[in-house]
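Participant: Sequence first, then the predicted structure, then my questions.
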Number of protein chains: 6
Amino acid sequence: MRTDGRKPDQLRPVNVTLGVNKYAEGSVLIEVGDTRVVCTATVEERVPPFMKGQGKGWITAEYAMLPRATQTRNQRESAKGKLSGRTMEIQRLIGRALRSVVDLQALGERTITLDCDVLQADGGTRTTSITGSFLALALAVDKLSGTASFPRYPITDYLASVSVGIVGEEPVLDLHYEEDSKAKVDMNVVMTGSGKFVEVQGTGEESPFSRSELDAMLGLAERGILQLVELQKQTLGELCRRIGEVSP
Amino acid sequence: MRTDGRKPDQLRPVNVTLGVNKYAEGSVLIEVGDTRVVCTATVEERVPPFMKGQGKGWITAEYAMLPRATQTRNQRESAKGKLSGRTMEIQRLIGRALRSVVDLQALGERTITLDCDVLQADGGTRTTSITGSFLALALAVDKLSGTASFPRYPITDYLASVSVGIVGEEPVLDLHYEEDSKAKVDMNVVMTGSGKFVEVQGTGEESPFSRSELDAMLGLAERGILQLVELQKQTLGELCRRIGEVSP
Amino acid sequence: MRTDGRKPDQLRPVNVTLGVNKYAEGSVLIEVGDTRVVCTATVEERVPPFMKGQGKGWITAEYAMLPRATQTRNQRESAKGKLSGRTMEIQRLIGRALRSVVDLQALGERTITLDCDVLQADGGTRTTSITGSFLALALAVDKLSGTASFPRYPITDYLASVSVGIVGEEPVLDLHYEEDSKAKVDMNVVMTGSGKFVEVQGTGEESPFSRSELDAMLGLAERGILQLVELQKQTLGELCRRIGEVSP
Amino acid sequence: MRTDGRKPDQLRPVNVTLGVNKYAEGSVLIEVGDTRVVCTATVEERVPPFMKGQGKGWITAEYAMLPRATQTRNQRESAKGKLSGRTMEIQRLIGRALRSVVDLQALGERTITLDCDVLQADGGTRTTSITGSFLALALAVDKLSGTASFPRYPITDYLASVSVGIVGEEPVLDLHYEEDSKAKVDMNVVMTGSGKFVEVQGTGEESPFSRSELDAMLGLAERGILQLVELQKQTLGELCRRIGEVSP
Amino acid sequence: MRTDGRKPDQLRPVNVTLGVNKYAEGSVLIEVGDTRVVCTATVEERVPPFMKGQGKGWITAEYAMLPRATQTRNQRESAKGKLSGRTMEIQRLIGRALRSVVDLQALGERTITLDCDVLQADGGTRTTSITGSFLALALAVDKLSGTASFPRYPITDYLASVSVGIVGEEPVLDLHYEEDSKAKVDMNVVMTGSGKFVEVQGTGEESPFSRSELDAMLGLAERGILQLVELQKQTLGELCRRIGEVSP
Amino acid sequence: MRTDGRKPDQLRPVNVTLGVNKYAEGSVLIEVGDTRVVCTATVEERVPPFMKGQGKGWITAEYAMLPRATQTRNQRESAKGKLSGRTMEIQRLIGRALRSVVDLQALGERTITLDCDVLQADGGTRTTSITGSFLALALAVDKLSGTASFPRYPITDYLASVSVGIVGEEPVLDLHYEEDSKAKVDMNVVMTGSGKFVEVQGTGEESPFSRSELDAMLGLAERGILQLVELQKQTLGELCRRIGEVSP
């Protein structure tokens, strides 16, 4: 039994609100337990310099926490004048993960920027950002498909993410902050709707882990992610029936 | 008649939700029309170096907009590596305004930081931040008064803020973004619950203004601010009956 | 009676020297009491990126204090690596104020940059910078009119600025540093030669102020500014007889 | 057959030179194929502020590439004025990995900093840095053990790292740059001498990967790392017979 | 004959005004031809961290040019966010030069900062800054000697500086900007009142120079510096009769 | 007799290894005593903005020390976010020195960047960087001359550099760190193969120096540099027989 009463393989309650921003091409408020993230997708008809002239699009992400998203207040990175290594690592991860399910050729020469702003943090902010960003991206592509004509639908699969870890001796799914801070091993997994791995990032700084522990965590992650993908499908409904109609 | 159907002296609908953040000592989501700001108040038992050893407290504020709070996406100031002049100007204004209704001596050697994060911007983000921050501050002081004993209640008066301006030839109250961008004169006013001015900032870059125009704008601002203060009183209810019990 | 023997509505002695820099298109040393500012105007035949292709010009300002302009030495902002909020606020104010009396269309696609460098500070550095910058600007436009042909003269009115405040219970004009540091209310006013307001910035952080106090301060400011404009006219003499020949 | 004639499960030639710097407490030049990294270990008798007073030590790492370590010259991060996300990610990884085999309590209140400077890069610079840093760390701890008395030997196990990936359809070990740039999946693995995982970081941005592909890569990594650990043992010889004498 | 009519070994007219700043412990406006520099000396009763506890003082310098000190406007280094290499080189030179004639032990644990701000530049700004800073330093030490008691007078000798160069084929003294920009060799020399070298910095980027050319330039420099020292003595008069009373 | 047994006019042992980097157009490891510097030359077919359209090339240099090149570890300048004054001064010196022996017109519109990275520092890192950079430059130009056709060979002379100083009362050549730190006078000299001065930088912060001391140091420097040039010729052999075939 976990401190919040969940079973080891049980996700926290997930809640999604679409369209929370009147300007963004796609926007979502995603709540996983007490972790709350606003994800917006912005479409711009240009690509970064290193992508110019290739006829391809680009997906990128930025991530930040409000100063009081956490128990004690964090100084703003804008005031510090630079991004922390943690922030850079997370936003690189989110961008990379989303690009794995987008056909950049089909997208055409445009950039979609996913902004993930954490209003409240209780563990799993990076994985929640990925799961939510996928929805914002899908909304933006759907809106775009009203005006742009794609050679084929640019989203090739669903994408969601969850954390797993070993707390005490037990592998558990979807750690909240208190569990996370005492976990021996911490792993973030990103998978597609068809069950393939996009990112596996496990770290045993406190305690190296065996192959069988790794296997147990991967199993939990797969189980959790498939539930999140199911929820994404229900949330998007008719809207995004074309996702994955062409395999990448 | 204004583009959104309001009369010249009419505020936009105002909505306030208290306690939107589980960690902060005080938190508020304030919505004025389509402008939406989260204000959190953080209490820390220390003061900045320049205040040390004076037995007094400090109130400071920080302000930011999410990248897609506006029609087109703005680059994050954390990514740019520095705060814009506009941001600094606004956060200095918010801090100064709130300090005007706090008895820093009564507060004791602690700092309250007001974080104003604009989720969606449709004009009046700085005035909305002030009106909302006052509520977050009141909640934090109320919570603090459960554990700290003040020599006297440190909040000396209510405080709210509104924008006024001249659009076409007409003075109007509480401009939304579209009005703001075509206004000849733009003025932000901060007042206390007892009807005194804390800040008057009027600028006629597009068109200098006469004394009678100034008077008309001040009149509208006073009217709007008293309504906002009324709303603050209703929102706080019993909670903050001690505000202003001792005049500063 | 004030500490330097002035009456409440009396300006400090003002002294202006034109042409103090052999390279600048316009330059002025302005002394208001012990406050001493060098203002230079630089004309460049280009506009910032956001103004390109509009056939209009741009006026901008920068402001700095020498490290020992003040009683104790201030660290250079170049050494700190960033501008303070105060500096940004002031240079935004100066630029905005000057733009209010320039017909940017008539100026054509060029930028005039006003550099205000405070050699010695004794209160009122921002208002002195505005009054002096107007003169440097007028000299630069006059020089430019020898080579460029404007569709109409681009300066539409005189412009000057002064501070007012409430010291003790008394409204006073043109505060020196010692008064400024103990004032309850501090207000900077910028007006045109024809008596219209361009900027009104009053702040009562120490003590909110009533409408009648505001009115008294505005009256003092108007009186002081008209004297400063008179002095500008005498200083410029024949040179700038075309200022305001066409109303904006 | 791979472009450099290796079999899929074959490491590149590895060469290690100990003691390449006369000042550092530990230093190593490690060459893995054409990748060349200098690792130095610096011991300082203090810990970072967040560690003070806990009676524990700290291990941290920094990573950089010389500008011409790569085919085209990279701008120095010192000239750009900030570290890239890639650099931060790598140095966080190296530090975390090494901490996993150090008993910080046994180390006492001192910091060991591992500097990894890449002289020439041909793939696998981060994994080579970890394998080399372990040796520099071991030398430094050995030297330190001559003067400091540890309650128990602070290094608890060997540590090495290697990259694996899927090139074409084939899982391969220890990718050089050319392979790396066309790999569909790229994974870095860090393991201890006793065969436990410390870090697993796999990314399939180009192409998500199946569980069986993941298993194949983990197998290759394990095989390669055990060879690297064997080489570490031979290199250190008598010097470090105490490593792992007490399990963590 | 030079373009301004001077002979090869002739200085430009030098003009010095003492006490130009009412706050600084020492201040000077020095004009050498059209080059104009304000030098202020600030005394602070503390030393930088690396000097603490040694019972010695410190002398440091900062240098800047106003944006329009030159023919075309230069961007402020405060706006760029960093000091240029040229600025750092110059201020390191000024500080080093002045320290050579100060007995830091005699000065006691205090710092004197020399700020050199160039109002107008026409060649030789760094050498003019050194000659002027010496005077500001002497004024500050003189003022200080009224309140502090030194074990011995801390200034051990006079100090002045001048530039020399080779223009065309001719060695010349004290180059103005136009000469400087076409000089083949450029050299700055700092000497004490007793004729010893403190700094010799010659550079022949455009054209390497022979030993006899070097000798000729050193001769000119010595001649010019002794005249500048003579002028310093006349300017300071009775004020600083103790300079060099004890040799270092 | 010096602490390392050398005579006053004796260089430390010098060792040069060519071609230490497989990517760079020219590369050298130069060792002067225990000072060890890697110099690489990178050729790029473009020039910096301020050189565009002049049909001329550019030579520039960058300099850095590995953190543990010195007895105690130095913080990386990339982590500090800015270059120190010392670094800027040195890299400006290296670039300037090398440009003095390159015919930029003959080079054509391309840039050669010399990167000098100090692996281990024991005095004389800037002079060693210059001597080594000349070799890397020569290798790069030689390689380039295989593909580019120059109107004439762009290297006009050999170039080397050495430090001299006064330790105790004695002028000595090529100071190692221990001597350098107690020297009264420190001078760096750069000369061409034909015995002309390119840079003379002497500083007597600790103790001003006489003309005869200066002469003695210049004599030692000339003697040392001619030996270094001889060594450069032997090292390059046939490779660079065209150096200086046309005088500048």
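Facilitator: Alright, I've got the coordinates.

Participant: who's in contact with A:Ser145?
Facilitator: Residues counted as contacts of A:Ser145 (C-beta atoms under 8 Å, 6 or more residues apart in numbering or on different chains) are A:153, A:242. For the C-beta atoms, the positions are set from N, CA and C on the backbone; glycine is no exception.

Participant: how many neighbours does the residue of chain A at minimum distance from chain E have?
Facilitator: Of all residues in chain A, the one sitting closest to chain E is A:Gly81 (9.2 Å; C-beta to the nearest C-beta). Using other C-beta atoms under 10 Å in any protein chain shown, A:Gly81 has 19 neighbouring residues.

Participant: quick one: it and B:Met191, what's the gap?
Facilitator: Separation of A:Gly81 from B:Met191 (C-beta to C-beta, to the nearest Å) stands at 35 Å.

Participant: Repeat that for A:Lys143.
Facilitator: Distance from A:Lys143 to B:Met191, by C-beta to C-beta: 42 Å.

Participant: So for those two, which sits in the more crowded spot?
Facilitator: Set A:Lys143 next to B:Met191 and count neighbours by other C-beta under 10 Å: B:Met191 wins out with 29 against 16.

Participant: Need the nearest residue in space to the residue of chain A found nearest chain C, chain neighbours excluded.
Facilitator: Closest residue of chain A to chain C, C-beta to the nearest C-beta: A:Gly81 (7.4 Å). Nearest residue to A:Gly81, sequence neighbours excluded (C-beta to C-beta, 6 or more residues apart in numbering or on different chains): B:Gly81, at 5.0 Å.

Participant: ok, the one you found to F:Met88 distance?
Facilitator: 20 Å.

Participant: What lies in contact with stretch A:12-27?
Facilitator: Contacts for stretch A:12-27 (C-beta under 8 Å, 6+ apart): A:4, A:6, A:28-33, A:38-43, A:112, A:132, A:135-144, A:174, A:176, A:228, A:231, A:235, B:34, B:68-71, B:119-120.

Participant: rewinding a little: got the contact list for the residue of chain A closest to chain E?
Facilitator: B:81-82, C:82.

Participant: and A:Lys233, how many neighbours does it have?
Facilitator: By other C-beta under 10 Å, 14 other residues sit near A:Lys233.

Participant: where's it, which helix or strand?
Facilitator: helix A:211-236 (DSSP states H and E).

Participant: Check which helices and strands that helix is in contact with.
Facilitator: Counting contacts by 3 or more C-beta pairs under 8 Å, 6 or more residues apart in numbering or on different chains; DSSP states H and E, helix A:211-236 is packed against strand A:14-18, helix A:125-144, strand A:159-167, strand A:170-173, strand A:185-192, strand A:197-203, strand D:197-203, helix D:211-236.

Participant: can these go into TSV with extra columns for mean pLDDT?
Facilitator: Listed next are the helices and strands packed on helix A:211-236 as TSV, based on pLDDT from 0 to 100:
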stretch	mean pLDDT
strand A:14-18	98
helix A:125-144	97
strand A:159-167	97
strand A:170-173	97
strand A:185-192	97
strand A:197-203	98
strand D:197-203	98
helix D:211-236	97
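
Participant: Can you add distance to F:Ile94 and give those back as JSON lines?
Facilitator: Putting these into JSON lines (distance: least, C-beta to C-beta, whole Å) gives the following:
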{"stretch": "strand A:14-18", "distance to F:Ile94": "59"}
{"stretch": "helix A:125-144", "distance to F:Ile94": "44"}
{"stretch": "strand A:159-167", "distance to F:Ile94": "49"}
{"stretch": "strand A:170-173", "distance to F:Ile94": "57"}
{"stretch": "strand A:185-192", "distance to F:Ile94": "46"}
{"stretch": "strand A:197-203", "distance to F:Ile94": "43"}
{"stretch": "strand D:197-203", "distance to F:Ile94": "39"}
{"stretch": "helix D:211-236", "distance to F:Ile94": "37"}
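
Participant: do you know how far A:Val189 is from C:Gly244?
Facilitator: In terms of C-beta to C-beta, A:Val189 sits 71 Å off from C:Gly244.

Participant: between the two, who's got more neighbours?
Facilitator: A direct count of neighbours by other C-beta under 10 Å for A:Val189 and C:Gly244 places A:Val189 higher, at 24 against 17.

Participant: Fine, thanks again, bye for now.
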